[in-house]
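Student: only geometry, no sequence info:
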Ligand code: ADP
């Protein structure tokens, strides 16, 4: 058994995050504790300004906590060097944003191939996996399309495929369907949910869409700087 499988894919232990602003300090997180397990999808629902982006940045090792610990597969990350954190981010964490952020001058397939080649795969292997992922997400006929030649829902499905191209352990998403009409959002979300189940990914998804949140395994919010379970 892989030792890491005994641990949550992602854990926050008493995480604090404050921002200095002139003379004053903004306390965003004041001891956030949270565990996300493999194969689990969790909705993060909180009002604007509550600290969702801050929490996702900390979880994605894009920022360091002011105090407390962020653990990826049981490994504490706060004392790691920037290079170590970058290596973990690249190999174990996938990101999906509200706006797809695909490279506009490359095809859907190339957008999936490039991160895999950066991670060290040969082009042929990367293309094979890229094609499999696009097919899984119902985009087999869109391989050669550039982002501008895809619908909003298709762009977001390519962005999801890209986020998981390197087989991460954790998927972090910030309003991944916030830019889509309700029907398309529903479809994109359904694809994301089945991908999470099929791959054993652990997904933390910030959303304002309560219908979609209701379909996830758990729902959490940020209250007074701490993570609290809801509904
Ligand atoms: P949300 O994503 O829930 O809208 P954020 O995590 O973006 O919330 O922000 C939470 C709070 O932290 C807000 O009050 C915001 O103004 C503040 N904040 C976020 N980033 C910074 C920063 N780099 N410097 C100062 N304050 C920040």
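Tutor: Thanks, I have it. Quick caveat: nothing in here was measured; it's all calculated off a predicted structure.
Student: got the buried residues for stretch 28-48?
Tutor: 28-30, 32, 34-38, 40-46 (16 or more other Cβ atoms under 10 Å). Glycine gets a C-beta too; all of them are placed from N, C-alpha and C.
Student: Quick check: pLDDT value at the residue lying closest to residue 137 once chain neighbours are set aside.
Tutor: Closest residue in space to residue 137, ignoring its immediate chain neighbours: residue 157 at 4.6 Å, by Cβ to Cβ, 6 or more residues apart in numbering. If you check residue 157, the pLDDT there is 91.
Student: Settle this for me: residue 157 is touching residue 188, isn't it.
Tutor: Yes - using Cβ atoms under 8 Å, residue 157 is in contact with residue 188, at 6.0 Å.
Student: Among these two, which residue is more densely surrounded?
Tutor: residue 157 (27 against 24; other Cβ atoms under 10 Å).
Student: Okay, the residue lying closest to residue 158 once chain neighbours are set aside and residue 140: tell me how far apart.
Tutor: Computed as Cβ to Cβ, 6+ apart, the closest residue to residue 158 that is not its neighbour in sequence is residue 108, at 4.8 Å. In this view, residue 108 and residue 140 are 10 Å apart by Cβ to Cβ, to the nearest Å.
Student: So between those two, which is more surrounded?
Tutor: Using other Cβ under 10 Å as the criterion, residue 108 and residue 140 rank with residue 108 on top: 28 against 11.
Student: For residue 151, see how far away that one is.
Tutor: In terms of Cβ to Cβ, residue 108 sits 12 Å off from residue 151.
Student: now residue 78
Tutor: 41 Å.
Student: neighbour count winner among the two?
Tutor: residue 78 (15 against 12).
Student: helix/strand/coil for the residue nearest to residue 137?
Tutor: helix (DSSP: H, G, I helix; E, B strand; the rest coil).
Student: helices or strands next to the lowest-mean-pLDDT helix or strand in the chain in the packing?
Tutor: Ranked by mean pLDDT, DSSP states H and E, the weakest helix or strand in the chain is helix 182-199, scoring a mean of 87. In terms of contacts (3 or more Cβ pairs under 8 Å, 6 or more residues apart in numbering; DSSP states H and E), helix 182-199 is packed against strand 41-44, helix 152-164, strand 202-206, helix 210-214.
Student: so which helix or strand takes in the spatially most central residue of the chain?
Tutor: Of all residues in the chain, the one closest to the mean position by Cα atoms, centre = their mean is residue 172, 1.5 Å from it. Using DSSP states H and E, residue 172 sits in strand 170-174.
Student: strands paired with that strand, and their directions?
Tutor: Here strand 170-174 has these sheet partners by DSSP bridges: strand 93-96 (parallel), strand 202-206 (parallel).
Student: buried residues in the last one?
Tutor: Read that as strand 202-206. 202-206.
Student: Over to stretch 106-125?
Tutor: 107-116, 121.
Student: Secondary structure, pLDDT and distance to the ligand added to these, as a markdown table?
Tutor: Shown next, in a markdown table, are the buried residues of stretch 106-125 (DSSP: H, G, I helix; E, B strand; the rest coil; pLDDT from 0 to 100; distance: Cβ to the nearest ligand atom, whole Å):
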| residue | secondary structure | pLDDT | distance to the ligand |
| --- | --- | --- | --- |
| 107 | coil | 97 | 32 |
| 108 | helix | 97 | 29 |
| 109 | helix | 97 | 32 |
| 110 | helix | 97 | 31 |
| 111 | helix | 97 | 26 |
| 112 | helix | 96 | 28 |
| 113 | helix | 97 | 31 |
| 114 | helix | 95 | 28 |
| 115 | helix | 92 | 25 |
| 116 | helix | 94 | 30 |
| 121 | coil | 94 | 33 |
